[in-house]
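**Q** okay, sequence plus prediction incoming.
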Amino acid sequence: MTHSGPATPLEARSSGPLSGKVRVPGDKSISHRSLILGALAVGETRISGLLEGEDVINTAKSMRALGASVERTGPFAWTVRGVGVGGFAEPAAALDFGNSGTGCRLVMGAVAGCPVTAVFDGDASLRSRPMRRILDPLELMGARTGDIKEGGRLPLTLHGARDPVPIVYRTPVASAQIKSAVLLAGLAAPGITTVIETEASRDHTELMMKHFGADITSEREGSHGRKISLAGQSELHGAEVVVPADPSSSAFPIVAALIVEGSDIVLSDVMTNPLRTGLFTTLREMGGSIEESEVRGDAGEPMAQLRVRGSKLRGVEVPPERAPSMIDEYLVLAVAASFAEGTTVMRGLQELRVKESDRLAATADMLRVNGVKVEISGDDLIVEGRGHVPGGGLVATHMDHRIAMSALVMGCAADKPVKVDDTAFIATSFPDFIPMMRALGAEFS
């Protein structure tokens, strides 16, 4: 498994104004999906801007193990020659996804529609995370599981369906991973596979499936939901994919620039899909200066250049229906809330309890150890902002890359340095985070 070496602690201390122009890594969600759909397509898919973090590399390795040709042709440039829908070969060894829940769960969906057997595994963190809510609909479609632990935890064996069955499935929570797994399995099923969401989750899978030639439609369902219908057993064709910069990774330099007085930075080609930009909306409501320019799109995904300047922030209430559009960003939003004046209430965060760590508890711990008053009430996080953060704490990252990066961002403006116990896991999503932040002026040592 990955990250078996010694811990790599780091300290962040108050810096001068951040400045410069950067492009954060390619979007992780788009990177995973481009590799998987490229592997299920007929012909050649060329991907530029791919995130080359460990999570995505492990998905590339799994596609190769399942019979697709996957080749790195240059910096962030990859070529995939697919095997066609339902064409995966049985892998010779276990598929190791390291720390990546997204890669693991999406590939489960892709494998479930093929008549092959595969063992899914990962590192200690991934082995602790429940997979049952992904496996339940896949079993309804004809897949079977074996050697499975309580909660459907890894390692587990998945036997793909020889004759996959289309289903109508209402997701129990707003989750792009559940939806995507069902749709990926549905590619090989005859007839129409339908997913109904009460709260719309990110729609990258639907947009990219259409880009690869799938017959898929999406329509409103209720006040906040979507109904997605996919016609199975149609052929996907290789495509060109330009991966936009990841808004979740952009969150860290954005919040750092907002809380460090006098900062002025520019981030290029950031994805601005409205189902992913809840953080940007919230930060603007808090008084953050975030300006868009050079808006364009590729493969259905909008992107823009963002200019971010140091701002006086104020506390706000974040509604629960915004959670699906920013679920990975609440950790660093809590940092911004700590530097704001007044109380910030973030509602409906139950999904944070089943991420790489219990992120709700870990976020509260990160703030408390640095002198911030914080409370968890049910599934709500309440942060009492005082305009500054005392700092001086040692943050336990629990093998979670986003906790590590959030704590380092906090240290950029805290009164005293903030220490992080281990930064090794940052490489899973943002390999160049530390040098990029240093180039902007952050003081890490």
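**A** Great, that's in hand.
**Q** phi and psi next, for Arg309.
**A** Main-chain dihedrals, Arg309, degrees, to the nearest 10: phi -130, psi 150.
**Q** so what's it up against?
**A** Ala257, Leu258, Ser263, Asp264, Ile265, Ser289 (C-beta atoms under 8 Å, 6 or more residues apart in numbering). C-betas here are computed from N, CA, C, even on glycine.
**Q** so where's the stretch 251-400 of the chain shaky on pLDDT?
**A** Where the stretch 251-400 of the chain drops to pLDDT under 70, the residues are 354-357.
**Q** that older thread, so which of the contacts of Arg309 are in strands?
**A** Among the contacts of Arg309, the members falling in strands (DSSP state E) are Asp264, Ile265, Ser289.
**Q** contacts only, for the residue lying closest to the second one once chain neighbours are set aside.
**A** Read it as Ile265. In this structure, Ile265 finds its nearest non-sequential neighbour in Ala257, 4.7 Å apart by C-beta to C-beta, 6 or more residues apart in numbering. Neighbour list for Ala257: Leu18, Ser263, Asp264, Ile265, Val308, Arg309, Gly310, Leu440 [criterion: C-beta under 8 Å, 6+ apart].
**Q** I'd like the distance between Ala257 and Pro431.
**A** 21 Å (C-beta to C-beta, to the nearest Å).
**Q** what's across from Glu11 in the sheet?
**A** Here Glu11 shows beta-bridge partners Lys419, assigned using DSSP bridges.
**Q** test my guess that it contacts Ile434.
**A** No: applying C-beta atoms under 8 Å, one finds Glu11 not in contact with Ile434, separated by 11.7 Å.
**Q** any residues in contact with both of these two?
**A** With C-beta under 8 Å, 6+ apart, Glu11 and Ile434 have common neighbours Phe444.
**Q** in the chain, which spans are helices?
**A** Here the chain has its helices, by DSSP state H, at 28-40, 54-65, 101-112, 124-127, 132-140, 176-186, 204-211, 247-259, 278-285, 330-339, 359-368, 401-411, 433-440.
**Q** and the fourth one, how far from the chain's centre?
**A** Taking C-alpha atoms, centre = their mean, to the nearest Å, the mean C-alpha location of helix 124-127 is offset from the chain mean by 16 Å.
**Q** restricting to C-alpha, output it in PDB.
**A** C-alpha atoms of helix 124-127 as PDB (Å, rounded to 0.1, in the frame of the first residue of the first chain):
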ATOM      1  CA  ALA A 124      -5.400   1.600   5.600                       C
ATOM      2  CA  SER A 125      -7.600   4.700   5.200                       C
ATOM      3  CA  LEU A 126      -9.500   3.400   2.200                       C
ATOM      4  CA  ARG A 127     -10.000   0.000   3.900                       C
END
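**Q** so which bits of it are buried?
**A** Residues of helix 124-127 classed as buried: Ser125, Leu126 (neighbour count, 16 or more other C-beta atoms under 10 Å).
**Q** name the residues that touch it?
**A** So helix 124-127 is in contact with 1, 97-101, 104, 121, 153-155, 356-357, 398-400, 425, going by C-beta under 8 Å, 6+ apart.
**Q** let me see the domain layout of the chain.
**A** 10-26+245-444, 28-242 (automatic domain parsing).
**Q** ok, Glu11 and Ile434, which is more surrounded?
**A** Ile434 (20 against 14; other C-beta atoms under 10 Å).
**Q** nearest residue to the more buried one other than its sequence neighbours?
**A** Nearest to Ile434 is Phe444, by C-beta to C-beta, 6+ apart, at 5.9 Å.
**Q** find me the pLDDT at the one you found, would you?
**A** For Phe444, the model assigns a pLDDT of 97.
**Q** number of residues surrounding it?
**A** 19.
**Q** nice, that's everything, thank you.
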